[in-house]
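K.L.:
Turn this into a structure:
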Amino acid sequence: MSGVATEAGVAGLDWPGLLRVGLGPPAKGGLGLSPAEFWALTPAELALMLGVSPDTGAMTRDRLAALAARFPDRKPDDRKPEDLRPAGGGAPRQL
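P.N.:
As a prediction, the model looks like this:
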């Protein structure tokens, strides 16, 4: 039940399909939820109701490497002067 964040929102989620299965009648394979019930669900609750197993695997070296590649740390020398300003303003700190 995850998607990739884009400027337009979350891509990869089948919103029409989720709405059909959540709001649709049980006779047609839906859960028969009211709109208020559907939108009040957390993703974990909806996944449980749909029988989707969450990814409960432990963090592996490969997953950690993928996260590090996706969200790299900036090197200290990559900092810009505005990154070094104290919270209350003032002159930038010296490196």
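K.L.:
going forward, measure contacts between C-alpha atoms and count neighbours the same way
P.N.:
Fine.
K.L.:
By mean pLDDT, which helix or strand of this structure comes out lowest?
P.N.:
strand 4-6 (a mean of 49; mean pLDDT, DSSP states H and E).
K.L.:
Now do the strands in the chain.
P.N.:
For the chain, the strands defined by DSSP state E cover 4-6, 9-11.
K.L.:
model confidence over the last one, on average?
P.N.:
This points to strand 9-11. Strand 9-11 shows a mean pLDDT of 55.
K.L.:
One more: stretch 17-35?
P.N.:
93.
K.L.:
could I have it exported to PDB, CA atoms only?
P.N.:
C-alpha atoms of stretch 17-35 as PDB (Å, rounded to 0.1, in the frame of the first residue of the first chain):
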ATOM      1  CA  GLY A  17      -9.700   0.500  -7.200                       C
ATOM      2  CA  LEU A  18      -9.200   1.300  -3.500                       C
ATOM      3  CA  LEU A  19     -12.500   3.300  -3.500                       C
ATOM      4  CA  ARG A  20     -14.400   0.500  -5.300                       C
ATOM      5  CA  VAL A  21     -13.200  -2.200  -2.900                       C
ATOM      6  CA  GLY A  22     -13.700   0.000   0.200                       C
ATOM      7  CA  LEU A  23     -17.000   1.500  -0.700                       C
ATOM      8  CA  GLY A  24     -18.400  -1.200  -3.000                       C
ATOM      9  CA  PRO A  25     -21.100  -3.600  -1.900                       C
ATOM     10  CA  PRO A  26     -19.900  -6.900  -0.300                       C
ATOM     11  CA  ALA A  27     -21.900  -8.800  -3.000                       C
ATOM     12  CA  LYS A  28     -19.500  -7.400  -5.600                       C
ATOM     13  CA  GLY A  29     -16.300  -8.000  -3.500                       C
ATOM     14  CA  GLY A  30     -16.300  -4.600  -1.700                       C
ATOM     15  CA  LEU A  31     -16.100  -4.000   2.000                       C
ATOM     16  CA  GLY A  32     -19.300  -2.000   2.100                       C
ATOM     17  CA  LEU A  33     -17.900   0.900   4.100                       C
ATOM     18  CA  SER A  34     -19.400   4.300   4.300                       C
ATOM     19  CA  PRO A  35     -17.200   7.100   2.900                       C
END
